[in-house]
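# Show me the folded form of this:
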Amino acid sequence: MSTQLQTSGRIESGTLIEVENLSTHFSTPRGVVRAVDGVSFTLERGKALGVVGESGSGKTVLSRTIMGLQPRRGTRLGGSVRFEGKEILGLQPKQMRGVWGKEMAMIFQDPMTSLNPLMKIGRQIEEPLRNHLGMTKDDATATAKRLLQDVRIPEAERRLQQYPHELSGGMRQRVMIAIAMACGPTILFADEPTTALDVTVQAQILDLINEQRRERNMSVVLVTHDLGVVAGHTDEIAVMYGGKLVEKAPTRRLFAAMKMPYTEALMQSIPKLEEPSHTRLATIPGRPPDLVNPPVGCRFSPRCPYASDKCREEEPPLIPTADDPSHSYACWYPVGSPEYLEARARLDAQKVKVA
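Next comes the predicted model:
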């Protein structure tokens, strides 16, 4: 890596982020939207966490809340977010300016709307370098050029003089990564970084983020709706549904022994290469819950084929598995349990009758 911009004195290992019972509620004309509702997790330095769930599950709100990017008006925050041992939840924007860019950075979902269309690429990369690191104009320009080279943008010097609309979607996303990497952040939030990109470019962007993480010993929170995206690029996966954490486990463990039926449904909805073309895709029936009036009990119960009366009446706690405390889930009848197997057998029998 040609550009070394990490600040000194940072911890090289140990817990970086501690999130405890975090909630983000929005006041609306319809009522209070419980977008994030009691989420807890920790993230170690240099590790990658994938946050997975459907649209509206609270993934983006969670990452923006941790970074302090939520609007102040009509927003009620609760719980705790500790960054390197210091409480940062609820800090004013003026207090967070020393954290944004320098300690925490975000790759936003749509680079075309995140990049300033009226500013040249070079100026947009140089601004954080000059504001946070105090670089001169010449040093910032030279560093911006190296950053574009690091994210594998050809003709870097010429690209500095171009506007966002002159670049392809993949190049714009690389520019967003260069801006996020500019000040050597300790943690990077990547919010659906491969949306609207073709499969080849998606793989390149994910590999690039992974490479930067390893070289900088940087933590990454990768937000996506696709379990396939996080499979080879994260150390742990947290599955969100209805504003809550419903399963969390090391990546390999989750794929090998998932417990939450919602996680299983997400997995089944991934297209499979071995299936013949025009095979009907598996879908999750129903709609995500209304977070103004969420269902009683398990929030996934109205859509879960294995739900019982207990699921519809009592909310399951997030508990660790008996054989691995690093794997936790929130389900009364987890995948593989006798009750689950019995319910699945009934469903299979019904399918045979219909056929």
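
# tell me the strands in the stretch 51-200 of the chain, going along the chain?
Assigned by DSSP state E, counting those that start in this stretch, the strands in the stretch 51-200 of the chain fall at 75-83, 86-87, 104-107, 187-191.

# wait, which of those strands is closest to Tyr329?
strand 75-83 (20.6 Å; Cβ to Cβ). C-beta: built from backbone N, CA, C; applies to glycine.

# quick one: which of the strands of the stretch 51-200 of the chain is nearest Val151?
With Cβ to Cβ as the criterion, Val151 lies closest to strand 104-107 of the strands of the stretch 51-200 of the chain, at 11.1 Å.

# before we move on, back to that, for the strands of the stretch 51-200 of the chain, which one sits closest to Leu147?
Leu147 lies closest, by Cβ to Cβ, to one member of these: strand 104-107, at 12.5 Å.

# So which elements touch that closest one?
Applying 3 or more Cβ pairs under 8 Å, 6 or more residues apart in numbering; DSSP states H and E, we find strand 104-107 packed against helix 59-67, helix 169-181, strand 187-191.

# export the strands of the stretch 51-200 of the chain to TSV and tack on distance to Pro305, mean pLDDT and mean neighbour count?
Shown next, in TSV, are these (distance: least, Cβ to Cβ, whole Å; pLDDT from 0 to 100; neighbours: other Cβ atoms under 10 Å):
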stretch	distance to Pro305	mean pLDDT	mean neighbour count
strand 75-83	33	95	16
strand 86-87	42	93	10
strand 104-107	36	88	24
strand 187-191	31	91	25
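
# would you turn those into CSV with distance to Arg253?
Formatted as CSV, the strands of the stretch 51-200 of the chain follow (distance: least, Cβ to Cβ, whole Å):
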stretch, distance to Arg253
strand 75-83, 26
strand 86-87, 31
strand 104-107, 27
strand 187-191, 22
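
# follow-up on the earlier one: closest one to Asp226 among the helices and strands packed on strand 104-107?
helix 59-67 (11.5 Å).

# returning to that earlier point: check the helices and strands packed on strand 104-107 for me: which has the lowest mean pLDDT.
Per-stretch mean pLDDT for the helices and strands packed on strand 104-107 is lowest at helix 169-181 (a mean of 85).

# Tell me what angle that helix forms with strand 187-191.
Orientation of helix 169-181 against strand 187-191 (axes from the mean of the first three to the mean of the last three Cα atoms, to 10 degrees) gives an angle of 150 degrees.

# List the buried residues of the least confident helix or strand in the chain by mean pLDDT.
Ranked by mean pLDDT, DSSP states H and E, the weakest helix or strand in the chain is helix 111-114, scoring a mean of 76. Within helix 111-114, the residues that qualify as buried are 111, 114, counting by 16 or more other Cβ atoms under 10 Å.

# ok, now which ones touch Val39?
Contacts for Val39 (Cβ atoms under 8 Å, 6 or more residues apart in numbering) come out as 19, 21-23, 58, 62, 79, 240, 243-245.

# Point out the least confident one among those residues.
Comparing these by pLDDT, Gly58 comes last, at 92.

# need the contact list for that residue.
By Cβ under 8 Å, 6+ apart, the contact set of Gly58 is 24, 35-37, 39, 240, 242-244.

# Switch the residues you listed over to JSON lines; also include distance to Pro316 and secondary structure.
Shown next, in JSON lines, are the contacts of Gly58 (distance: Cβ to Cβ, whole Å; DSSP: H, G, I helix; E, B strand; the rest coil):
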{"residue": "Thr24", "distance to Pro316": "22", "secondary structure": "strand"}
{"residue": "Ala35", "distance to Pro316": "20", "secondary structure": "strand"}
{"residue": "Val36", "distance to Pro316": "18", "secondary structure": "strand"}
{"residue": "Asp37", "distance to Pro316": "14", "secondary structure": "strand"}
{"residue": "Val39", "distance to Pro316": "15", "secondary structure": "strand"}
{"residue": "Met240", "distance to Pro316": "15", "secondary structure": "strand"}
{"residue": "Gly242", "distance to Pro316": "12", "secondary structure": "coil"}
{"residue": "Gly243", "distance to Pro316": "15", "secondary structure": "coil"}
{"residue": "Lys244", "distance to Pro316": "10", "secondary structure": "strand"}
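
# out of the residues you listed, which is most surrounded?
Counting neighbours by other Cβ atoms under 10 Å, Val36 leads the contacts of Gly58 with 31 neighbours.

# List phi and psi for Gly58.
When read as degrees, to the nearest 10, the backbone of Gly58 gives phi 110, psi 10.
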